[in-house]
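Turn this into a model:
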Amino acid sequence: MTKTSKPVARWLAGALLAFTGQAHALGMDLPYESFATAPDVDWIKVCGDWPAPAHSGEGRGVYRIVHATRYAQSFLYLQWIVRDGSDSASEVHTATFEQINNDHAEITLSQMNCQLTRRGIRFTARAQSGYDDTVFRITIDAGHKPGEVRFRTNKRR
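Now for the predicted structure:
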């Protein structure tokens, strides 16, 4: 039996899936709800306060990072949470990152850090691709307005 390179093997698998009519399953972004009740959530970290709008019954807002693992791949979600006067939490917005949360991205995150900034928060992590072992850094800047997010990557040398 001949040894097939990874790219050729992936192309053959994709062609086979397309031929059998199941190609739509590749590259699906998994929403936060996929992990809301699953045992795949590794950790949840509160990463500082955000100035939540002062509506009746609402108190302070917090940023929350949710990291989950499924099939040895990382999934990452950033949430804006509001706590009311009785300290009950409710989600205002959840940001998902298609660069990471695609079910075929094969990216694992490590060295994750979150810090408060004047304009919101900054989340950084070391990312490694399962396809070719490429290592890079990701930086996510989130602002005070729910959904205000900037995602960047930097290749490691």
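
in this protein, which spans are helices?
6-19, 98-101 (DSSP state H).

Compare these and say which comes out lowest on pLDDT.
If the helices of the chain are sorted by mean pLDDT, helix 6-19 sits at the bottom with a mean of 39.

tally of neighbours for M28?
By the other C-beta atoms under 10 Å criterion, the neighbourhood of M28 contains 12 residues. Heads up, the C-betas are built off the backbone N, CA and C, glycines and all.

Which residue, other than its chain neighbours, is closest to it?
D103 (5.1 Å; C-beta to C-beta, 6 or more residues apart in numbering).

Quick check, the one you found in contact with Q73.
Yes - in this structure D103 lies within contact range of Q73 using C-beta atoms under 8 Å: 7.5 Å.

Among these two, which residue is more densely surrounded?
Q73 (19 against 16).

Which residues are in contact with that one?
Contacts for Q73 (C-beta atoms under 8 Å, 6 or more residues apart in numbering) come out as D103, A105, E106, I107, T108, G130.

Tabulate those (JSON lines), appending distance to V92.
Output for the contacts of Q73, formatted as JSON lines (distance: C-beta to C-beta, whole Å):
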{"residue": "D103", "distance to V92": "26"}
{"residue": "A105", "distance to V92": "26"}
{"residue": "E106", "distance to V92": "31"}
{"residue": "I107", "distance to V92": "27"}
{"residue": "T108", "distance to V92": "29"}
{"residue": "G130", "distance to V92": "33"}
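
What ranges in this protein fall below the confidence cut-off?
1-26, 36-38, 54-59, 156-157 (pLDDT under 70).

The most centrally placed residue in the chain pairs with what?
Centroid-nearest residue in the chain: L76, 2.0 Å away (criterion: C-alpha atoms, centre = their mean). On the basis of DSSP bridges, L76 is bridged to H67.
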